[in-house]
Each structure stands twice: as C-alpha cells, then as structure tokens.
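*Asks:* have a look; sequence and predicted model below, questions after that.
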Amino acid sequence: MNGLYGVPQAGLQDAMFRLNAIANNIANVNTSGYEAEEPVADAPPAQGDTVQRSEQPASLMNTSDPSDLVSSGNDMFALRQADGTTAYSRQVHLQVQPNGQLATDQGLALVPALRVPAGWSGVRVDSRGAVTGVDGAGNTIVDATGKPITVGTLAMATFAAPQNLNSLGGGLYSASLSSGRAQTPAAGSVQIMSGYQLGSNVDLATEMVEMIETQRAYDASTKALQAVDSLVNGAVSIPVR
C-alpha cells in the first residue's frame, strides 16, 4: 500500500520545493545583482529537486560612481574570500585599502591581487579592465607626459555553464561540478561597465503566475494524498470473515 502514496507525495514535495524557490525570488525582487532561481525540470531521480540560476539579463542601475563595476557579459570578477577560496561576482564596488590593495566594499581582494601606488584614493576601470588612478579631488592621475598611469588589468573568469554556479549569497558564487572550472575569457571579449550596479532579474509578474499554478498543483496533490489515505483506511477497516 505504501506505493499508493508515491505519486501524490512526490507531487506535494515538488510543489513545496517550487513554492520555496518562488518565495525566495519574490523576497529578492529589489536585491541588487540577485539572479532568480529556476527549478530544474525532469531532474534525474537520484539528483532530487534542484535549481539553477536564471539567465535572463538584469536591469542596469546608473550610480555615476566609477568604483561600481558590472560585467556586461558572462564574465565574472574573481575575489579572494577570508578562508582563501575564490568567489565570483558579476559586479563589484572597488576601494583602495590602506596598504594600497584593491578590494570590494565587502573586503574581498581581487584575484590575482592588485595594488596601487601611495596617494591614489580611487581607481577608474575601462571597458577592457585596465585600471588607472584617481586622486583625492577625483582627477585622473597621469605621468610626466600627461598619459593616465595604468597599474594593471582586472583578471576575469568565465564558465561553460554559469547558470549552475553555487550561490553563496550577497551576489557571490562558487564553481560547481556542473558549472565547470573557471576559464580565462577570450582576448578582447571582456566588457566592463563603470558607474553601474545590477538590478534583480526577477520578473514579479512571472513569479506571481508561477506561484498560482504551483499552489494549484500543491492543492491537487494534497487532495490526492487525502483520497489515497481514505482508501487505505477504508480497506484496513473492512472486517475479516
């Protein structure tokens, strides 16, 4: 008789999983850089319920702050976490640390590390990732010939299946078996936008429709489970002669 419960129980668990993903998306509709979670259809039974990140493009928010950087493609900024592991993000806000090292406002250093000369209060980054300096008055720091001084180029990473990266929260991600290892982008392919932050790519209207449909599936599975339960209880209560 336990087999009778299998289909409605699976349907109920799937609906609950999807409702949790939808609720998380709706809660982060205004979170900068948040990428919606999409339940994976027809996942292998051994794999169970899984989600992948939506590949829908997020809106761009103009901040007019040159320290705000966004990758306009699938390339990602590589960042060193406190435990020494590497995390990846589509956007960063760079700051110059007291030791001259460039790091995000979360205190995560770039990978590989990049330091600027003393006296630089900030940096500007062009569309290809070249880093130049800014003084306290916001002026570009130049050499004796008037040419902007470049200290290096931001190293970027790309993945074969970026939608399968593991979310670490706060717009940070780590590589997974299904995302593939971090690779170096093709020469000339990097596109960085300065003065912008990412919005969320959650489509609230779509999420609301998904929530209604999933709630109906949940209710249907609940009724089916109740029907099976009544059937089993009825069979058990039949007297034996």
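*Replies:* Thanks, I have the structure now. Numbers count the residues shown, from 1 in each chain.
*Asks:* same for the longest helix that the chain contains, what does it pack against?
*Replies:* When the chain is scanned for its longest helix (criterion: DSSP state H), the result is helix 204-237. Helix 204-237 sits against helix 6-27, with contacts defined as 3 or more Cβ pairs under 8 Å, 6 or more residues apart in numbering; DSSP states H and E. Bear in mind the C-beta positions are built from the backbone N, C-alpha and C, glycine included.
*Asks:* how about the helix it packs on: buried residues?
*Replies:* 8, 11-12, 14-15, 17-19, 21-22, 25 (16 or more other Cβ atoms under 10 Å).
*Asks:* contacts for it?
*Replies:* When contacts are defined by Cβ atoms under 8 Å, 6 or more residues apart in numbering, helix 6-27 is touched by residues 36-39, 49, 51, 202, 204, 207-208, 210-211, 214-215, 217-218, 220-222, 224-225, 228.
*Asks:* just the buried ones among these, please.
*Replies:* When the contacts of helix 6-27 are checked for burial by 16+ other Cβ under 10 Å, the buried set is 36-39, 51, 202, 207, 210-211, 214, 217-218, 221, 224-225, 228.
*Asks:* closest one of the buried residues of helix 6-27 to Leu114?
*Replies:* Asn25 (34.6 Å; Cβ to Cβ).
*Asks:* and that closest one, what pLDDT?
*Replies:* Predicted confidence (pLDDT) for Asn25: 92.
*Asks:* measure it to Ala137 for me?
*Replies:* 43 Å (Cβ to Cβ, to the nearest Å).
*Asks:* for Gly11, same thing?
*Replies:* The gap separating Gly11 from Ala137 is 64 Å, by Cβ to Cβ.
*Asks:* ditto for Gln56
*Replies:* Distance, Gln56 to Ala137, by Cβ to Cβ: 40 Å.
*Asks:* okay, the two: which has more neighbours?
*Replies:* Using other Cβ atoms under 10 Å, the more surrounded residue of Gln56 and Ala137 is Gln56, with 12 against 6.
*Asks:* which residues touch the helix or strand of the chain with the lowest mean pLDDT?
*Replies:* For the chain, using mean pLDDT, DSSP states H and E, the weakest element among its helices and strands is strand 51-53, scoring a mean of 78. For strand 51-53, the surrounding residues in contact (Cβ under 8 Å, 6+ apart) are 21, 35-40, 162-165, 167.
*Asks:* and stretch 80-92, what's its mean pLDDT?
*Replies:* Here the average pLDDT along stretch 80-92 is 95.
*Asks:* can you measure across stretch 125-144, start residue to end residue?
*Replies:* The first residue of stretch 125-144 is 21 Å away from its last residue (Cα to Cα, to the nearest Å).
*Asks:* tell me the buried residues in it?
*Replies:* Neighbour counts over stretch 125-144 (16+ other Cβ under 10 Å) mark 125, 129, 131-134, 141 as buried.
*Asks:* coming back round to it: identify the farthest-apart pair in the buried ones among the contacts of helix 6-27.
*Replies:* Val202 and Val228 (36.2 Å).
*Asks:* can you pull the contacts of the nearest residue to Pro57 once chain neighbours are set aside?
*Replies:* Taking Cβ to Cβ, 6 or more residues apart in numbering, and ignoring the residues beside it in sequence, Pro57 has Asn201 as its nearest neighbour in space, at 6.5 Å. Neighbouring residues of Asn201 by Cβ under 8 Å, 6+ apart: 34-36, 54, 56-59.
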